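Asker: here is a sequence with its predicted model. Questions after.
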Amino acid sequence: MSTLPVLLKDPKILIVGGGAVAYQKALVLSDNQVRFTLLAETFADEFARFDLSVDRINKSLAESDLKPFNIIVDATGNPAVAKRLLAEKRQRFVLVNIVDLPEQCDFYFSALLNYGSLKIAVSTDGASPTIGQVVRDKIKDLIPADFAELVAVKASERRRGKIDVIATREQALSRMAQVFLVGCGPGDVNLLTLQAYDRIQQVDVVLYDHLIPQQIMDVVPEATQRVYVGKQKDVHSQNQDEINRLILDFAKQGLQVARLKSGDPYVFGRGAEEAEFLAHHGVRVQVLSGISSALSAPACAGIPLTARGYATNVSIVSAHLSGRRINTDWFPLLQVPNHTTVVLMGLSFAKEIAELALASGVSSEMPVAIVSNASRQSQSTIITTLVDLPVESLRAERPAVLVFGEVVRLHHVLPHSQ
């Protein structure tokens, strides 16, 4: 059997039947703006959704009813109706589809996608409509809903005699591309969200840095391209502008790109900068939230961020400003009663934090926790005080989170992962 997918212009279609099967066929035609006529003695309640523009004939099938149509769908399951249609085929050229009898069909319904003038049909020659639907849905994930607008613009340009193949290719690929800023959590692969795990399995390219541990990289399929864009303290292989441009270059190729971010992309992860840059260049961006180390590190160390009698408020801050400068705006938080302050990127500034905080009047005995490599096998926790922070920080590993406040005292009481 050989088949050829084609587009039919203004077909005259008759659907015979008024049950669930006929409704599904009618729904496909209606969703694709194809005119058709329905014929049945009775119609199920679902058919009420079709407006008056759909011709509906309430009667039993007669030979004369078939003459105006060149495409006929038998959705009755009635052998007598099928026999009548096969007899009609012997008298004139007419295309017939008898549902659930592929060997008797002249054509098959495809799993369809409609983007204006762009139409995509997926067919299995009637072998498995379910497989056709699965493939269609995968294709749908790749093509943005507004792709019809680009097709319409190009149709207008063609009518005016303006055809730029290179520009059109670039615009189409750029629209089909999608970048995912994937929050990978603190490091334990088991703390990846299901959404993040699924997306990592499906993209074409993964960009990662030194904060993404090997056990997370191990879930990246072997066929996926991996690009290291590490930005380590004092060892910057690529700056942020270069990373932004690299992501854009992959997107212009029409690829699905995952930028793996430690923690959550929007919690001191510069994800907003990357998202803004890509959106400015017309690239679709989706942010997949992850578990920030600001939340997970204290929990792993048995330190609740809030607890009755200890803390009723919590703040998350960064100690790091551009140009390797220290951020001191958050120091007043250390003197707020019943307050927990979580500091990211603060370990390298431990000496300055202690000196400046003490000079501003913060108690030298304020409890401080240094949680390193949270959720990983190498996780460690150092419990100290503000005055001893500079010395204790020297034996702590990066990456680390600093926790300030009375809740730190619960480390010795509550369970923790290490």
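Answerer: Nice, thanks for sending it over. Residues are numbered from 1 along each chain as shown.

Asker: which residues of the stretch 251-400 of the chain fall in helices?
Answerer: Using DSSP state H, counting those that start in this stretch, the helices found in the stretch 251-400 of the chain span residues 271-280, 293-300, 350-359, 389-393.

Asker: and among those, the most buried is which?
Answerer: For the helices of the stretch 251-400 of the chain, the largest average neighbour count (mean count of other Cβ atoms under 10 Å) is found in helix 293-300, namely a mean of 24. The C-beta positions use only the backbone N, C-alpha and C, and glycine is treated the same way.

Asker: what mean pLDDT does that helix have?
Answerer: Confidence over helix 293-300, taken as the mean pLDDT, stands at 96.

Asker: for the residue lying closest to V267 once chain neighbours are set aside, phi and psi?
Answerer: Beyond its immediate neighbours in the sequence, the residue positioned closest to V267 (Cβ to Cβ, 6 or more residues apart in numbering) is S292, lying 4.2 Å away. The main-chain torsion angles of S292 are listed as degrees, to the nearest 10 and equal phi -70, psi 140.

Asker: how close does S292 get to V342?
Answerer: S292 sits 9 Å away from V342, going by Cβ to Cβ, to the nearest Å.

Asker: could you find the residue nearest the spatial middle of this protein?
Answerer: In the chain, the C-alpha closest to the average C-alpha coordinate belongs to Q286, at a distance of 5.6 Å (Cα atoms, centre = their mean).

Asker: ok, it touching F180?
Answerer: Yes. Counting by Cβ atoms under 8 Å, Q286 sits close enough to F180 to count as a contact (5.2 Å).

Asker: low-confidence ranges, the stretch 51-200 of the chain, go.
Answerer: By pLDDT under 70, the weakly predicted segments of the stretch 51-200 of the chain are 52-53.

Asker: coming back round to it: mutual contacts of S292 and V342, please.
Answerer: Common contact partners of S292 and V342 (Cβ atoms under 8 Å, 6 or more residues apart in numbering): I316.

Asker: residues near R395, how many?
Answerer: R395: 10 surrounding residues under other Cβ atoms under 10 Å.

Asker: now swap in R324 and tell me
Answerer: By other Cβ under 10 Å, the residues close to R324 number 10.

Asker: before we move on, what about A87?
Answerer: Summarising burial for A87: neighbours were counted as other Cβ under 10 Å, giving 11.

Asker: how about the one 3 residues further on?
Answerer: Here the number of neighbours of R90 (other Cβ under 10 Å) works out to 7.

Asker: next up, identify which helix or strand it is on.
Answerer: Assigning secondary structure by DSSP states H and E places R90 in helix 79-91.

Asker: next SSE downstream of that helix?
Answerer: The helix or strand immediately downstream of helix 79-91 is strand 95-98, counting by DSSP H and E.

Asker: list the helices and strands that next one packs on?
Answerer: Here strand 95-98 is seen to pack against strand 71-74, helix 79-91 when contacts are counted using 3 or more Cβ pairs under 8 Å, 6 or more residues apart in numbering; DSSP states H and E.

Asker: residue contacts, E41?
Answerer: With contacts defined as Cβ under 8 Å, 6+ apart, the neighbours of E41 are G18, N58, K59, S60.

Asker: helices of the stretch 101-250 of the chain, start to end?
Answerer: In the stretch 101-250 of the chain, the helices defined using DSSP H, counting those that start in this stretch lie at 129-142, 147-159, 165-176, 194-202, 214-217, 240-252.

Asker: in the third one, what's buried?
Answerer: Applying a neighbour-count criterion of 16 or more other Cβ atoms under 10 Å, one finds Q171, A172, S174, R175, M176 buried in helix 165-176.

Asker: report the two of the residues you listed separated the most.
Answerer: Within the buried residues of helix 165-176, two members stand farthest from each other by Cβ to Cβ: Q171 and M176, at 9.8 Å.

Asker: show me the domain layout of the protein.
Answerer: For the chain, the domain assignment from automatic domain parsing gives the residue ranges 13-109, 117-176, 179-291, 294-412.

Asker: gap between the two ends of the third one?
Answerer: In this case it means domain 179-291. Across its full length, domain 179-291 reaches 20 Å end to end, with Cα to Cα, to the nearest Å as the criterion.
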